[in-house]
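>>> Could you work out the structure for the sequence below:
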Amino acid sequence: MQRFVWLLLLCGALVFVQCDGRSPTEKNEDPESTQEIAQQEAPNDGSPQDTPQELTSSEERQVETLPTESLPTDTSPQDSPTTETTPETSEPRPESTPSEGSAEPTPERSPERTAETTPEISPDQSILIPGDPGQGDIAIEIHSQRDRKPISPYIYGTNQPDWQGKSRNLTLMRLGGNRWTAYNWENNASNAGSDYFHQNDGYLGGGDTPGEAVRSHVQKAHQAGASAIVTIPIVGYVSADKTPQGDVQNTPNYLQSRFHPSLPQKGAAFSLPPSKTDNKVYQDEFVHWLNKTFPNATTDPTRTLFYSLDNEPDLWSHTHARIHPNPVSYAEIVQKAVDYAKGIKAVVPTALVFGPVNYGWMGYVNLQDAPDARQHGDFLDYYLKELQKAHQQAGKRLLDVLDVHWYPEARGTQRITEDTTDTANANARIQAPRSLWDPNYQEQSWITQVIQQPIRLLPRLMDKINASYPGTKLAITEYYYGGGAHISGALAQADVLGIFGKYGLFAATLWELGQTDHRAIYAAFASYRNFDGNNGRFGDISIFSQTSNTTDSSVYASTDANNPDRMVFVILNKTTRTLTASIKISHTSAFQKALVYRLEGTLTAPTASPTLSLSTTNAFLLSLPARSILTVLMQK
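Predicted coordinates for the structure are as follows:
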């Protein structure tokens, strides 16, 4: 097994970008003009470079300690018809239009055993050596005793849940976005910010019952067996009223008359219900109310509560200019993180706190050109170091999860986060998840033009964690790869979920950015969470898996902690042609059958294929339809 060392030298400063706008309906992102990228080409999506693009409404964009395990070796042939694995200097090579609704593959049988009576045993831990499956277009290797690591249950999340429909069997919901920055839990008022005229209103619902806008969503998530991330406002002010009179600045002295100060700690006994006449809102009292309302959340890991330190503070001066008109500084955001995290943990000592919830690449690098960026350097490095110092001073951890948002900037004919599904955009979208990990893949985007190297997002962020605040988990609480109703969107989503599990992400929640119904994306979720229509799920232990060609295919494998012989793996065919996979599985016992479920073309859920009977020890050939996702359940 070839091993890669995770602690790689970072080349230059991180340079990320993305925007968030929130009134539950959409999201867009552009890098702001900064000196670091002054000579670089900004994303060409029609928005000015000096101001983040204003978002309308449905938007929002996780991960834990990345393992120091091996990465798949890229042995893609140089004449591969899809995007090259070496740094790109031009558009991805065009492929023919994918064949929607490809015909069901004819299952392949492995070569018959000849004179084979007892499987060969490996000297290491009685592992059966797999037989020869025969020649295929790609070679897949799986080993159940190598690279074993838990898969976090919180990577299968969304910001827009529908627990009786598309979100069935998902594990995490996030209440986040621009709308929650000025949320007043005492009366459920909020401010739309730049999403809708900077207006105070009751958009989040809940009436006048304290916390009801939160309680109803958390209760539904818990009833569905899922956990929830709740946003704790830390900007300093929350909406006082729900009077929809347009921009609050039309009211004289609006900051005092239309908002209340929001404080991290009350410093006095909590009152439930809270006082609505003191003209102050206390966030530790909000946490106290949550803890009283959901007392089992601290003991039930499947129905727990996490606490997020606001949303995208790097954009406050744009999205919430009425209450925070000046760009936030490094020092300010660190101090707010310390103050509010202390308030949370004073009430719920076991709470996991997420922060800083950056909007994208430039937020990671310099907090969107913060006034003290030149003084302190890379923002995430500074943030992690200062939170570690605060940990030492407080005698306890205050930040548990480094939380960022990630909307890929990769482009075909357009940015891949769009709904566009032409050949170039589909190809770019399908390859884009490789920027999460692959040291040999350089996408076409303004980010790679700036840093002149592969993005390697997860190892890059984990390098920072390991250097500045070891033990901090990692989360991506907003992300979206586009193509919500197209097989290219399904392939990207399935690849992303496999990467999140394989490389140790702690939590992740999708933000539905496109204008489609996202049926393909949620079908990809089902490939991991309900592949047989009967709650069939990917395992909770990641194991070694490797493909010979990471351009044309991906593979992710698992077993169950409570049943090591239950093996499930997911294989992606990213090409527009049928491929044959030559599969070899090293395991402690012999499998007899492979149950195969495929997602391809216009299918909206995985569909069962004929069961394969293995005639060679833990080895077989498997036909992969063009642009398909296959979930395979091995049986003894």
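>>> low pLDDT regions in the chain?
1-125 (pLDDT under 70).
>>> Name the nearest residue to Thr631, sequence neighbours excluded.
Phe531 (4.1 Å; CB to CB, 6 or more residues apart in numbering). Bear in mind the C-beta positions are built from the backbone N, C-alpha and C, glycine included.
>>> how close does the one you found get to Ser317?
Counting by CB to CB, to the nearest Å, the separation of Phe531 from Ser317 is 45 Å.
>>> which one of the two has more residues nearby?
Shown here are Phe531 and Ser317; by other CB atoms under 10 Å, Phe531 has more neighbours (28 against 17).
>>> so the more buried one sits in a helix?
No - per DSSP: H, G, I helix; E, B strand; the rest coil, Phe531 lies outside any helix segment and is coil.
>>> Number the residues from 3 up from this point.
With 3 as the first residue, the last one maps to Phe533.
>>> Tell me the spacing between it and Phe546.
21 Å.
>>> same deal with Glu411?
31 Å.
>>> the more surrounded of the two?
Neighbour count, other CB under 10 Å: between Glu411 and Phe546, Glu411 has more, with 29 against 19.
>>> Gln451 is in contact with the more buried one, correct?
No - counting by CB atoms under 8 Å, no contact exists between Glu411 and Gln451, whose distance comes to 9.8 Å.
>>> Could I get the contacting residues of the nearest residue to Gln267 once chain neighbours are set aside?
Computed as CB to CB, 6+ apart, the closest residue to Gln267 that is not its neighbour in sequence is Gly345, at 4.4 Å. If a contact means CB atoms under 8 Å, 6 or more residues apart in numbering, then Gly345 has 266-267, 285-286, 289 as its contacts.
>>> Any buried residues in the helix or strand that contains Gly345, and which?
Under the criterion of DSSP states H and E, Gly345 resides in helix 332-349. Buried residues in helix 332-349, counting neighbours by 16 or more other CB atoms under 10 Å, are found at 332, 334-336, 338-347, 349.
>>> likewise stretch 302-315?
If you call a residue buried by 16+ other CB under 10 Å, then stretch 302-315 has these buried ones: 305-315.
>>> Closest to His378 out of the residues you listed?
For the buried residues of stretch 302-315, the closest approach to His378 (CB to CB) belongs to Pro315, at 15.2 Å.
>>> can you give me phi and psi for that closest one?
In terms of degrees, to the nearest 10, the main-chain angles of Pro315 are phi -60, psi -20.
>>> And it, how close does it get to Ala242?
21 Å.
>>> so Ser218 sits in a strand?
No - per three-state DSSP, Ser218 lies outside any strand segment and is helix.
>>> residues in contact with it?
207-208.
>>> ok, the longest strand seen in the chain: who's next to it in the sheet?
For the chain, the longest strand by residue count, based on DSSP state E, is strand 565-575. Partners of strand 565-575 in the sheet, by DSSP bridges, are strand 555-562 (antiparallel), strand 630-637 (antiparallel).
>>> can you put those in a markdown table and add distance to Ser470 and mean neighbour count?
A markdown table is the format used below for the strands paired with strand 565-575 (distance: least, CB to CB, whole Å; neighbours: other CB atoms under 10 Å):
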| stretch | distance to Ser470 | mean neighbour count |
| --- | --- | --- |
| strand 555-562 | 29 | 24 |
| strand 630-637 | 37 | 24 |
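>>> Columns distance to Arg399 on top of the ones you listed, output as a markdown table?
Below are those laid out as a markdown table (distance: least, CB to CB, whole Å):
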| stretch | distance to Arg399 |
| --- | --- |
| strand 555-562 | 29 |
| strand 630-637 | 37 |
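>>> for these, which one sits closest to Gly248?
Closest to Gly248 of the strands paired with strand 565-575 is strand 630-637 (CB to CB; 47.1 Å).
>>> starting at the chain centroid, how far to stretch 415-430?
How far stretch 415-430 lies from its chain's middle: 20 Å, per CA atoms, centre = their mean, to the nearest Å.
>>> go on, stretch 575-592?
Offset of stretch 575-592 from its chain centre (CA atoms, centre = their mean): 26 Å.
>>> distance of Arg431 from Asp519?
Where Asp519 is concerned, Arg431 sits at a distance of 17 Å (CB to CB).
>>> quick one, which of those two is more surrounded?
Arg431 (29 against 13).
>>> name the element that one belongs to?
helix 425-433.
>>> quick check: angle from that helix to strand 555-562?
30 degrees (axes from the mean of the first three to the mean of the last three CA atoms, to 10 degrees).
>>> I'd like the next helix or strand past helix 425-433.
Counting by DSSP H and E, the next helix or strand C-terminal to helix 425-433 is helix 448-453.
>>> Counting by contacts, list what whichever helix or strand comes after that following helix packs against.
On the C-terminal side of helix 448-453, the closest following helix or strand by DSSP H and E is helix 459-470. Packing partners of helix 459-470 (3 or more CB pairs under 8 Å, 6 or more residues apart in numbering; DSSP states H and E): helix 381-396, strand 403-408, strand 475-481.
>>> closest one to Lys638 among these?
strand 475-481 (35.2 Å).
>>> Partner strands of that closest one and their direction?
strand 403-408 (parallel), strand 509-512 (parallel).
>>> okay, the angle between the longest one and helix 459-470?
Here the directions of strand 403-408 and helix 459-470 differ by 150 degrees (the same axes, to 10 degrees).
>>> So which bits of strand 403-408 are buried?
Within strand 403-408, the residues that count as buried by 16+ other CB under 10 Å are 403-408.
>>> Distance from it to the middle of the chain?
Its chain's C-alpha centre and that of strand 403-408 lie 8 Å apart, by CA atoms, centre = their mean.
>>> do the same with stretch 168-186
The answer for stretch 168-186 is 13 Å, by CA atoms, centre = their mean.
>>> Could you do stretch 355-375 as well?
17 Å.
>>> cool, and stretch 617-625?
34 Å.
>>> Just the endpoints, please. Distance across that stretch?
16 Å (CA to CA, to the nearest Å).
>>> ok, now stretch 625-635?
End-to-end distance for stretch 625-635, by CA to CA: 15 Å.
>>> which stretches of the protein form helices?
The residue ranges that make up the helices of the chain, judged by DSSP state H, are 214-225, 256-259, 285-295, 318-321, 332-349, 363-368, 375-378, 381-396, 425-433, 448-453, 459-470, 489-504, 521-531.
>>> Which of the ones you listed sits closest to Asn551?
helix 425-433 (12.4 Å).
>>> tell me the angle that closest one makes with helix 489-504.
Using the same axes, to 10 degrees: helix 425-433 against helix 489-504 is 20 degrees.
>>> if I look at the closest residue in space to Leu614 that isn't next to it in sequence, how far off is Arg629?
Residue nearest to Leu614 in three dimensions, not counting chain neighbours: Ala596, with 4.2 Å by CB to CB, 6+ apart. Ala596 sits 21 Å away from Arg629, going by CB to CB.
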